[in-house]
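>>> quick one, what's the 3D model for this:
(one chain, ligands or ions: 2)
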Amino acid sequence: MLQLNQIYKVFYEGTPDEKVAINQLNLQLNPGDFVTVIGSNGAGKSTLMNIISGKIEPDIGTVMIDGSNMTGMPEHKRARKIGRVFQDPMAGTAPTMTIEENLVLAYNRTKPRTLNFGVTKKRRELFQTKLEMLHLGLENRLQAKVGLLSGGERQALSLLMATFTEPKILLLDEHTAALDPARAELITNLTKEIVSAFGLTTLMVTHNMQQAIDLGNRLIMMDKGKIIFEASEAEKPQLTVEKLLSEFQRIRGESLVSDRSLLA
Ligand SMILES: Nc1ncnc2c1ncn2[C@@H]1O[C@H](COP(=O)(O)OP(=O)(O)OP(=O)(O)O)[C@@H](O)[C@H]1O
Ligand SMILES: [Mg+2]
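Ligands and ions are numbered 1, 2, ... in the order given. Modelled structure (predicted):
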């Protein structure tokens, strides 16, 4: 479903600020894979997401999605195949528009322009059915401005919008990080529900190691633009936070590694 070959990306090349963000990275996801991604700040996790979505072009390497070569294809042309939710609850939705208008936007994203039209009775019913999945009562607030929703409500809506049209790949970049523990848990459970309901191929960045272990069927650890550790579907059930830390310590060659240095 997703194949990254020899991806390399450097920022500010040839200046004192030169930074190799992704370094010869290879990754292959099979249909339905749910891969959690961990790694310290600056490891290259968000850059990897940006390269998959087409927000950033790699300097070297190819991105294949569902058998098509996407390298060099602009972000809006990939949007149909990719759903994305960011850390910032403000990023995925339009605050001055209503819930219904936001859903129309998400819905129309994958339709040819000529077929776009506003809200019909049938569509409103579809929106309400989808919103009911969130268990937040948003189905009764279709005319509410999204800017008035809480962070958790907005993330739930973002998640719904990102998966509305059943994309090939779902990219989640610390999408529960800005929420309080109860809301974060709600969004995590919703993520599990939606991913399994549609069998979505998913990459999820998290700074919560226990969450990275509990969710999904595979796990990767990134450091300095590379995948330094990977747990396969068979290995993942045996993982513990302690094992991940000692693996990071071994690879880094450091004697003192706390969860802080791996995660923050
Ligand atoms: N658009 C950009 N321009 C210049 N440098 C960038 C850009 N995007 C990322 N970088 C740099 O590339 C490196 C990787 O950044 P990235 O955002 O991918 O890390 P991350 O693993 O997502 O970290 P975090 O856990 O803090 O979100 C960092 O050193 C960052 O400063
Ligand atoms: Mg990031």
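>>> in this protein, which helix is the longest?
Using DSSP state H, we find that the single longest helix of the chain is helix 181-198.
>>> list the buried residues in it.
If you call a residue buried by 16 or more other C-beta atoms under 10 Å, then helix 181-198 has these buried ones: 183, 184, 186, 187, 188, 190, 191, 194, 195. Where you see a C-beta, it was placed from the backbone N, CA and C, and this is true even at glycine.
>>> next up, the contacts around the last one.
The reference is to residue 195. Counting by C-beta atoms under 8 Å, 6 or more residues apart in numbering, residue 195 touches 34, 170, 202.
>>> now the nearest residue to the first one once chain neighbours are set aside: how far from residue 245?
Among residues not flanking residue 34 along the chain, residue 216 sits closest, at 3.6 Å (C-beta to C-beta, 6 or more residues apart in numbering). As judged by C-beta to C-beta, to the nearest Å, residue 216 and residue 245 stand 19 Å apart.
>>> of these two, who's got more company?
Of the pair residue 216 and residue 245, residue 216 is the one with more neighbours under other C-beta atoms under 10 Å, namely 23 against 17.
>>> can you give me how far the longest helix of the chain is from the chain middle?
Mean-position distance between helix 181-198 and its chain equals 13 Å (C-alpha atoms, centre = their mean, to the nearest Å).
>>> following that helix, which helix or strand shows up next?
Moving toward the C-terminus from helix 181-198, the next helix or strand (DSSP states H and E) is strand 201-205.
>>> that following strand and ligand 1, are they touching?
No: counting by C-beta under 6 Å from any ligand atom, no contacts exist between strand 201-205 and ligand 1, the nearest distance being 6.8 Å.
>>> for ligand 2, what are the nearby residues on this protein?
Residues of the chain lying near ligand 2 by C-beta under 5 Å from the ion: 45, 46.
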